[in-house]
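# sequence first, predicted coordinates after that:
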Amino acid sequence: MEIDPFIFRLSIFILSIFIGYYVVWSVTPSLHTPLMSVTNAISSVIIVGAIIAALAGNSENIFDTANIFGFLAIILAAVNIFGGFLVTQRMLAMYKKKKKEK
Amino acid sequence: MSANLLAVFYLISGVLFILALRGLSSPETSRQGNLFGIIGMAIAIGVTFLSTGNFSTGFLYVLVFLLIGGSLGAFIAYKIPMTAMPELVAGFHSLVGLAAVFVAISAFLNPEVFNLGSPGNIKIASLIEMSLGAAIGAITFTGSIIAFLKLKGIMSGSPITFIGQHYLNLALGLILFGLIFYLCKTQIDTWFWTIIIISFLVGVLLIIPIGGADMPVVISMLNSYSGWAAAGIGFTLENTALIITGALVGSSGAILSYIMCKGMNRSFFNVILGGFGGTDQSLSSKGKEQKPVKNGNADDAAFLMKNASSVIIVPGYGMAVAQAQHALREMVDSLKKNGVKVTYAIHPVAGRMPGHMNVLLAEANVPYDEVFELEEINNDFANCDVAYVIGANDVTNPVAKTDPQSPIYGMPILDVEKSKSVLFVKRSLSPGYAGIDNDLFYRDNTLMLFADAKKMTEDIIKNL
C-alpha cells in the first residue's frame, strides 16, 4: 500500500504549525511589528507559483490569460518581498542597546 | 533540475524562514534573522527560475515585472514614516492576498503546468486546495483594504453595523462551502469565479464592524489569513517552501491575535463580531464632567519630574498621532541629566498594531532595554514618583479592576494610579475608545495637562 503524497505534505504543514507556534511565542513583544512585516515578506514566497504560472504555455503567446495573472501576481509579490524585507531591516536597525555609562 | 533536488532547495528556504522568525527572539539576533529570510527567498526564486528551464522572452518579462514590483516595494520601504507602519503592514497583507488569488486563478485556468489535471478535469483535492487558497486570499485582500482605509483615516474608525450582519456573514460563509462542493462536483468555472467574488464581499463585511482601536487584532488576524492562503496555494502547487511558510505565518498571526485579545481581556469572537466602543460615548460622559480635575501646565509638570527620582513613561496611540516620540526622548534625556531614572511601560494593545510603540521609541533612539512590557514593570509603579501618560487612556483606567459593570472590566491595565503623582497629557477630558470615563482623571494625585502631546512635551523641555 502506498501513502498518498498529500499525507506527506499535510505532515509537513501540521509540524510547521507547531514550529511556528513555539518560535513565535519566543519572539520578544518589542519586536512584534518587525515580526509582522517579516512574515509578510516571507509569505510572498507565493511568487514561485506566480513565476511558474507566468512562464507556462508556449513561448509564442506569453500573454495568455493564465500568464497575465501570473505576471500580475509577480508584481504584487515582488512589492511585498522587497518592501517587507527592507522595511524590516530598517526597523531592526533602530533597535539599539543602552550605551554604557562613560 | 530534478524534482527531488528542487524539493530539497524549497525545504532549505523553508528552514531559513524558520530561522528568520527565530532570530526575532532578541534584537541582537534579529538582523541576522532577516538576512536568513532574504537568503531563503533568493534560493526559492532562483531555483524556480532554474526549474522552469525557460530562458526565452518570457523569462525576460518575469525579470522586468519582478524589478518593477521590487523597486516599488523598496521605494515604499524607504519612504514610509514609522508612524505609518500599521497602514503599511495592512497594505502589504492585501497584496499577499491578491497574489494568492491570482496564482489560484492561473492554476485554475492552466492546470497542466502545475500537474493538476486538465481544464474541466482538475483533481478534486487540488480544486479544494486552490478554491480555499483563493477564498482566503480574497478575504485577506478586501479585509486588509478596509483595515488600511480605517488606519489611514480615509474611512471612519467607528464600527459600521447593521441588523442581521452576523447572519449575513454566516450565510455567505456557508454559501462559500456549498460553492466549493459544487465546483468539485461539476468543474464549472462560474462557481470558481463566484467563490472569489463572494470572498471579496466577505472580507469587507468581516472588517467593517470592527472599530479603530481593535485594529491590532484585525491586523494580526489578516496576517494569519495571508499565511493560510499561502499554505492553500502551497498544497495546490505541491511546494514545500510555501506550505512551511504558510503554516509559520498562519500560526504567527494567530498567536499575535491571541496576545492582543488577552491584552484587552476580550474573546476573539467578541472582537470579530465587532461593534465595540464608539457608540455610547455621549451616554457615559454625561453628568461626570462636573467632577473636579486638577489642571496643570508645563511648568508644574517640569517641576514635578525634575524633582522626582524615578519617572515611568506610558505612551499610547496619541503619541503616535502627535508624532511626539522624538520630543519625548529629548525630554527624557534632559531628565536623565538631572539624575532622574526613566523607564517606559508599554501595554500590549497600545497603538494600532502589535509592537507599535516599541518601533516608534526605537525610531526616536530610545534604547530597547529601557522599554518594558506590562508584566515586567507593573509592580514598579508603586515605587515611582511620577507616571507620565502620553496618548494612552483606557489602558490606564483603574475601573478595569474595580467595576464589574464596565466594558473593560478584567482588562489588564498599567497600575499608573499607584505612583505618587500622575501627569496625564490629553487634549480634553473626552473618554477613550471604550467610550468610558477614566477614573484616573479625577484622582487627587493626577495632574491633567490639556494639550497636544508633542507641544506639551516640548514645553516641558523648555521648563526643565
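Ah, there it is.
# ok, then the element right after the lowest-mean-pLDDT helix or strand in chain B?
Of all helical and strand segments in chain B, the minimum by mean pLDDT, DSSP states H and E falls on helix B:281-285, at a mean of 43. With elements assigned by DSSP states H and E, the helix or strand that comes after helix B:281-285 is helix B:298-306.
# which strands or helices does that following helix pack on?
Other helices and strands packing on helix B:298-306, by 3 or more Cβ pairs under 8 Å, 6 or more residues apart in numbering or on different chains; DSSP states H and E, are strand B:386-390, strand B:421-426, strand B:446-450, helix B:453-463. C-beta coordinates here come from the backbone N, C-alpha and C atoms, glycine included.
# the same query, at a cut-off of 6 Å, please.
For helix B:298-306, the elements it packs on are helix B:453-463, judged by 3 or more Cβ pairs under 6 Å, 6 or more residues apart in numbering or on different chains; DSSP states H and E.
# I figured residue A:12 hits residue B:243, correct?
Yes: the pair residue A:12 / residue B:243 is scored as a contact, 5.5 Å apart, by Cβ atoms under 6 Å.
# contacts for whichever helix or strand residue B:312 is part of next, please.
Here residue B:312 sits within strand B:310-315, counting by DSSP H and E. Strand B:310-315 is touched from outside by B:305, B:340-345, B:357, B:384-392, B:414, with contacts defined as Cβ atoms under 6 Å, 6 or more residues apart in numbering or on different chains.
# what about the following helix or strand past it and chain A, touching?
Next in sequence after strand B:310-315, counting helices and strands by DSSP H and E, comes helix B:317-322. No: Helix B:317-322 lies out of reach of chain A by Cβ under 6 Å from any Cβ of the partner chain, never closer than 11.7 Å.
# repeat for stretch B:207-222
No: under the criterion of Cβ under 6 Å from any Cβ, chain A is not reached by stretch B:207-222; the shortest gap measures 6.9 Å.
# endpoints of that stretch, how far apart?
Start and end residues of stretch B:207-222 are separated by 10 Å (Cα to Cα, to the nearest Å).
# buried ones in the helix or strand where residue B:146 lies?
Here residue B:146, judged by DSSP H and E, is contained in helix B:124-152. Buried residues in helix B:124-152, counted by 16 or more other Cβ atoms under 10 Å in any protein chain shown: B:126-151.
# tell me the first helix or strand C-terminal of it.
Helix B:124-152 is succeeded, C-terminally, by helix B:165-186 (DSSP H and E).
# what about residue 84, neighbour count?
As the question left the chain open, I've gone with chain A. Neighbourhood size, residue A:84 [other Cβ atoms under 10 Å in any protein chain shown]: 32.
# you looked at the wrong chain, it should be chain B
Counted with other Cβ under 10 Å, residue B:84 comes out at 15.
# so how far is residue B:126 from residue B:69?
Distance check for residue B:69 against residue B:126: by Cβ to Cβ, to the nearest Å, it reads 27 Å.
# which elements pack onto whichever helix in chain A runs longest?
Ranked by residue count under DSSP state H, the longest helix found in chain A is helix A:65-92. Secondary-structure packing of helix A:65-92 (3+ Cβ pairs under 6 Å, 6+ apart): helix A:32-43, helix A:47-54, helix B:27-52, helix B:57-79, helix B:85-109.
# pull the distance from that helix to the chain's centre.
Remark: helix A:65-92 is offset 9 Å from the chain centroid, using Cα atoms, centre = their mean, to the nearest Å.
# go through that helix and flag the buried ones.
Quick answer for helix A:65-92 (16+ other Cβ under 10 Å): A:66-92.
# next, the buried residues of stretch A:7-23.
So stretch A:7-23, judged by 16+ other Cβ under 10 Å, has buried residues A:9, A:12-13, A:16-17, A:19-20, A:23.
# of these, which are in range of chain B?
Filtering those for proximity to chain B by Cβ under 6 Å from any Cβ leaves A:9, A:12-13, A:16-17, A:19-20, A:23.
# give me the neighbour count for the residue nearest to residue B:208 when sequence neighbours are not counted.
Once flanking residues are discounted, residue B:208 sits nearest to residue B:160: 4.2 Å by Cβ to Cβ, 6 or more residues apart in numbering or on different chains. Number of residues near residue B:160 (other Cβ under 10 Å) recorded here: 18.
# show the pLDDT at residue B:160.
On pLDDT, residue B:160 comes in at 82.
# low pLDDT regions in the stretch 251-400 of chain B?
Judged by pLDDT under 70, the stretch 251-400 of chain B has its weakly predicted residues at B:274-290.
# tell me the residues on it that lie near chain A, please.
So the stretch 251-400 of chain B meets chain A at B:251-252, B:255, B:354-355, B:358-359, B:362-363, B:367-369, B:373 (Cβ under 6 Å from any Cβ).
# could you rerun that using 10 Å?
Selection of the stretch 251-400 of chain B residues close to chain A by Cβ under 10 Å from any Cβ of the partner chain yields B:251-256, B:258-260, B:263, B:346, B:348, B:351, B:353-376.
# out of those residues, which are buried?
Among these, those classed as buried by 16+ other Cβ under 10 Å are B:251-256, B:259-260, B:263, B:346, B:348, B:351, B:353-364, B:366, B:368, B:370-372, B:374.
# list the ones among those residues that fall in strands.
Among those, the ones falling in strands (DSSP state E) are B:346, B:371-372.
# for the residue nearest the centre of chain A, which non-adjacent residue is spatially closest?
Central residue of chain A (Cα atoms, centre = their mean): residue A:42, 1.8 Å from the mean position. Leaving aside its chain neighbours, residue A:42 sits nearest to residue B:17 (4.7 Å; criterion: Cβ to Cβ, 6+ apart).
# for the one helix or strand that neighbour maps to, packing partners?
Mapping residue B:17 onto the secondary structure by DSSP H and E places it in helix B:3-22. Helices and strands touching helix B:3-22, as assessed by 3 or more Cβ pairs under 10 Å, 6 or more residues apart in numbering or on different chains; DSSP states H and E, comprise helix A:5-25, helix A:32-43, helix B:27-52, helix B:240-263.
# just how off-centre is the first one within its chain?
Read that as helix A:5-25. 15 Å.
# any idea of the angle it forms with helix B:240-263?
40 degrees (axes from the mean of the first three to the mean of the last three Cα atoms, to 10 degrees).
# many thanks, have a good one.
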